[in-house]
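In: Okay, here's the prediction I keep looking at, along with the sequence it came from:
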Amino acid sequence: MIRSKDLLGIKELTPEEIYHILDTASGFRDVLRRDIKKVPPLRGKTVVSLFFEPSTRTKTSFALASKRMSADFVNFSVSTSSVVKGETIKDTALTIQALGADFVVVRHGSSGVPHLLSKILDISVINAGDGANEHPTQALLDLFTIQAHKKKFKDLTVAIIGDITHSRVAKSNIYALTKMGAKVRLICPPTLMPAEVEKLGVTVFHSIEEGIKKADVVMPLRLQLERQRKGFLPSVEEYFRLYGVTTDRMKLAKESAIVMHPGPMNRGVEIESALADGPKSVILEQVTNGLAVRMAVLYLLAGVKK
Amino acid sequence: MTILIKNGRLVDPSQNIDGTRDILIKNKKIEGIYPTGKGPDADKVIDASNCLVIPGLVDIHTHLREPGFEYKETIKTGTMAGVRGGFTTLCCMPNTKPVNDTISVTEFIIEKAAKEGACTVYPIGAITTGQNSEELTQLEALIRAGCRAFSDDGRPVTNSQIMRRALEYSKIFDVPVISHCEDLQLSEDGVMNEGFVSTIVGLKGIPKAAEETMVARDLSLCELTGGRLHIAHVSTAGSVKLIREAKSRGITVTAETCPHYFNLTDDAIISYDTNYKVNPPIRTPEDVEAIKAGLKDGTIDVIATDHAPHHLNDKEKEFDSAAFGMSGLETAFALSFHLVKHDLINLNDLLSKLCVNPSRLMRINKGTLSVGADADIAVVNPDTVYKVDSSQFLSKGKNSPFNKWTLTGSIEQTIAMGKVYDWT
Ligand SMILES: [Zn+2]
């Protein structure tokens, strides 16, 4: 069912593959509700994480997902390893493979690094976020969460708000949601909208009031605070006034609308604190679902003939 | 030592010749051109039946890397790559280590090329010391040492006042000032063309405006000063339009493009293959069409290679941190000849852009088969179809996006200063 040994991005997946991952994840979601949350399918397998950018959440999620599947999880620590001494990424990757890893979970600030590793390595490469390209497991867990609440994707309206240009989460979600038949709206200042993004089949708004209207799902993105310094925004305060997702603005969305956030949140910047903690928020559910989705990805890639 | 090249179709735009002729070389010079079969006996005879006999190609934009980056290329290997590609004259850019901003570097290049080079090399001096855009180099001394033009290539001259002074002062010597047009703020951290493809792959884009705003600035300065501005590596439709308009008003500008700007588009970067990473970046199909139109109507005078060889270690890495540039000398002719094969321009115009115009620009007696000129000749089989294998390049730089491409038009022999390189 899954064609590639690697998960590089949502771009590379068919809708059937996406459904297959979601179905598999739903089985593991049940496992996570049990008292004993460990299952044996990846016993004897080794997952190595290779994170060139700091991330506690995603790395921990992959670590727990691996352990729940009975795999060994090892962190290849970039900051203390030879990587900082100028070793090339190719040499690092080959080293990890030679150590006997079965999976390498990679995060890198430069787009295309998982693709580079995929060409070099025989073992499975899982993209845990590359530059401004993709963060596929985030989009999969977002789909899983949406499906749990909305039961379908077709004709759902999803509003993604924030720094689209620099957001791999936004990119993966655009591919994922449009492939599943949802309508995607992007809301952000023109300085943070990537070139010709409409060609991806999305609708662009510069007004949050317009964009959020009658939405089923509202998804503010984390705003990197250094964008202000780079001249994308006059100030963070102005950003919140123009694009902050608030309880008031949520009234424009559908009554049944849910609020999602990929985390970590800047409360009071892209999302009002009360809303994040309120009944419309599914943010913590996303975190739990992330585990199930990552278990499913490991499980399915392990089954691909290498 | 005499060499007769016989039975070929001799094409030389500098003399308006296009027909079957024999050509005789004596003492490293062109001795005479004869009707086919009427050439005199010679010590060596090259049968060029079914082949084109053309002036050796002249590249005004080569990075030979020496001194300083000998692991990427040397004058020896770079000139060998040149003759392999049919080039017999290379003008090398000054962004070496140290920068070619003093006569000692210029003299080093000239001596090294005389000793080890396979063809003629003319150095291009830096416009500003250390390419820092702050103070002019000693232009007169550099010209006396052998520089034929000035450029800070690799970087723009960011200071407009200094660029103005360079265009003014260089008029004393009638030398071109070659501008690498790039607004460094607009292109900051960019690694490819900004557009739909950069959005898809998530790489930082370089907008076309980063090139065009500088082209516009330099055209204004050229108009102001009457200096000899030459725009390097034109990559966008907007630049072509600006240059066309400036020329129509009589501004003394010339322009070049490179084979990759009319053969490649940015969608190739979906694979993250760093061999496509070049500055300025490869653009969109509309830009490719505009570049071709600019070549056809004469807006673009010269096809140059921007040969930028790199070691595998500088390319086999993250796209963001991989080096910019392509190894171009050994594919440039066939990639340009493609334009003739597809009737976009005729062979005469192509050779004007590869031989005659570059020589005129540099005020050198090259790119011609006229009697008395240096014996710099390429023999080309226009019908040979072959597959590019960059691992076989004579350049140290195997970084070619055209690896595995099927091209038409092979260099059979190159004669550089009377020395025959036979590739058959
Ligand atoms: Zn340049």
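Out: Structure received.
In: Let's verify residue B:380: helix, strand, or coil?
Out: Here residue B:380 is recorded as strand under DSSP: H, G, I helix; E, B strand; the rest coil.
In: Just give me the neighbour total for it.
Out: Residues within reach of residue B:380, counting by other Cβ atoms under 10 Å in any protein chain shown, total 26. Just so you know, the C-beta spots here come from the backbone N, C-alpha and C atoms, and that holds for glycine as well.
In: can you pull the contacts of the closest residue to it other than its chain neighbours?
Out: Among residues not flanking residue B:380 along the chain, residue B:52 sits closest, at 4.4 Å (Cβ to Cβ, 6 or more residues apart in numbering or on different chains). Counting by Cβ atoms under 8 Å, 6 or more residues apart in numbering or on different chains, residue B:52 touches B:8-11, B:347, B:379-382.
In: do that again at 7 Å, thanks
Out: Going by Cβ atoms under 7 Å, 6 or more residues apart in numbering or on different chains, residue B:52 touches B:8-9, B:11, B:380, B:382.
In: and if you look at residue A:242?
Out: Taking Cβ under 7 Å, 6+ apart as the definition, contacts of residue A:242 comprise residue A:208.
In: circling back to that earlier point, can you give me phi and psi for the residue nearest to residue B:380?
Out: According to degrees, to the nearest 10, the main-chain angles of residue B:52 amount to phi -90, psi 140.
In: So what pairs up with it in the strands?
Out: residue B:9, residue B:380 (DSSP bridges).
In: Show the pLDDT at it.
Out: The model reports residue B:52 with a pLDDT of 98.
In: gap between it and the ion?
Out: Using Cβ to the ion, to the nearest Å, residue B:52 is found at 30 Å from the ion.
In: Which residue ranges of chain A form strands?
Out: A:46-51, A:72-76, A:103-108, A:124-130, A:157-161, A:183-187, A:203-205, A:217-220, A:258-259 (DSSP state E).
In: And those: which comes nearest residue B:295?
Out: strand A:203-205 (36.7 Å; Cβ to Cβ).
In: quick one: contacts of the closest one?
Out: Residues outside strand A:203-205 that contact it (Cβ under 7 Å, 6+ apart): A:185-187, A:193, A:197-198, A:211.
In: how about the strands of chain A in TSV, adding mean neighbour count and distance to the ion?
Out: Formatted as TSV, the strands of chain A follow (neighbours: other Cβ atoms under 10 Å in any protein chain shown; distance: least, Cβ to the ion, whole Å):
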stretch	mean neighbour count	distance to the ion
strand A:46-51	23	35
strand A:72-76	17	38
strand A:103-108	27	28
strand A:124-130	27	29
strand A:157-161	26	38
strand A:183-187	23	35
strand A:203-205	16	35
strand A:217-220	27	42
strand A:258-259	23	49
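In: quick one: which of the ones you listed is nearest residue B:391?
Out: strand A:124-130 (26.3 Å).
In: unless I'm mixing things up, residue B:353 is touching residue B:303, no?
Out: Yes: the pair residue B:353 / residue B:303 is scored as a contact, 4.6 Å apart, by Cβ atoms under 7 Å.
In: higher neighbour count, these two?
Out: Higher neighbour count among residue B:353 and residue B:303: residue B:303, with 28 against 24, using other Cβ under 10 Å.
In: got the buried residues for the strand or helix carrying residue B:217?
Out: Per DSSP states H and E: residue B:217 is located in helix B:208-225. Neighbour-count burial for helix B:208-225 flags B:208, B:210-219, B:221-223, B:225 (criterion: 16 or more other Cβ atoms under 10 Å in any protein chain shown).
In: Counting neighbours, what do you get for the residue nearest to residue B:302 when sequence neighbours are not counted?
Out: Nearest in space to residue B:302, with sequence neighbours left out and distances taken as Cβ to Cβ, 6+ apart, is residue B:256 at 3.9 Å. Residues within reach of residue B:256, counting by other Cβ under 10 Å, total 25.
In: Helix or strand: which one has residue B:256?
Out: Going by DSSP H and E, residue B:256 is part of strand B:253-257.
In: and that strand, which strands flank it?
Out: According to DSSP bridges, strand B:253-257 has the following sheet partners: strand B:229-231 (parallel), strand B:302-303 (parallel).
In: could you dump those strands to JSON lines with mean pLDDT?
Out: Output for those, formatted as JSON lines (pLDDT from 0 to 100):
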{"stretch": "strand B:229-231", "mean pLDDT": "98"}
{"stretch": "strand B:302-303", "mean pLDDT": "98"}
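In: of all these, which lies closest to the ion?
Out: For the strands paired with strand B:253-257, the distance to the ion is smallest for strand B:229-231, at 10.4 Å, taking Cβ to the ion.
In: so how far is that closest one from its chain's centroid?
Out: 14 Å (Cα atoms, centre = their mean, to the nearest Å).
In: hmm, it touching the ion?
Out: No: using Cβ under 5 Å from the ion, strand B:229-231 stays clear of the ion, coming no nearer than 10.4 Å.
In: next SSE after that strand?
Out: Toward the C-terminus, strand B:229-231 is succeeded by helix B:237-248 as the next helix or strand (DSSP H and E).
In: what's near enough to touch residue B:194?
Out: Here residue B:194 is in contact with A:195, B:205-207 (Cβ under 7 Å, 6+ apart).
In: Let me fix that, I meant to ask about residue B:417.
Out: Counted by Cβ under 7 Å, 6+ apart, residue B:417 has contacts B:28, B:120, B:374-376.
In: domains of the chain?
Out: No chain specified, so I'll use chain A. Listed domain ranges for chain A are A:10-135+A:287-302, A:136-282 (source: automatic domain parsing).
In: Hmm, no, I was thinking of chain B.
Out: B:2-53+B:374-422, B:56-362.
In: Next, the distance between the ends of the longest one.
Out: The distance separating the two terminal residues of domain B:56-362, taken as Cα to Cα, to the nearest Å, comes to 15 Å.
In: could I have the helix or strand of chain B with the lowest mean pLDDT exported to PDB, CA atoms only?
Out: One helix or strand of chain B scores below all others by mean pLDDT, DSSP states H and E: helix B:312-315, with a mean of 95. Coordinates of each C-alpha in helix B:312-315 appear next as PDB, following Å, rounded to 0.1, in the frame of the first residue of the first chain:
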ATOM      1  CA  LEU B 312      31.900  17.300  -5.600                       C
ATOM      2  CA  ASN B 313      32.200  18.200  -1.800                       C
ATOM      3  CA  ASP B 314      30.900  21.700  -2.500                       C
ATOM      4  CA  LYS B 315      27.900  20.300  -4.400                       C
END
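In: So which bits of it are buried?
Out: Residues of helix B:312-315 classed as buried under the neighbour-count rule (16+ other Cβ under 10 Å) are B:314-315.
In: In contact with the residue in the stretch 1-150 of chain B positioned nearest to chain A, which residues?
Out: Per Cβ to the nearest Cβ, residue B:71 is where the stretch 1-150 of chain B lies closest to chain A, at 15.2 Å. Neighbouring residues of residue B:71 by Cβ under 7 Å, 6+ apart: residue B:311.
In: Helix or strand for it, just tell me which one.
Out: Counting by DSSP H and E, residue B:71 is part of no helix or strand.
In: How confident was the prediction at residue 44?
Out: I went with chain A, as the question did not name one. If you check residue A:44, the pLDDT there is 95.
In: think we crossed wires, I meant chain B
Out: Confidence at residue B:44, expressed as pLDDT, is 96.
In: Nearest residue to residue 225 in space, please, no chain neighbours.
Out: Looking at chain A here, since you left the chain open. Nearest residue to residue A:225 in three dimensions, chain neighbours excluded: residue A:236, at 6.4 Å (Cβ to Cβ, 6+ apart).
In: not what I meant, chain B
Out: residue B:167 (4.2 Å).
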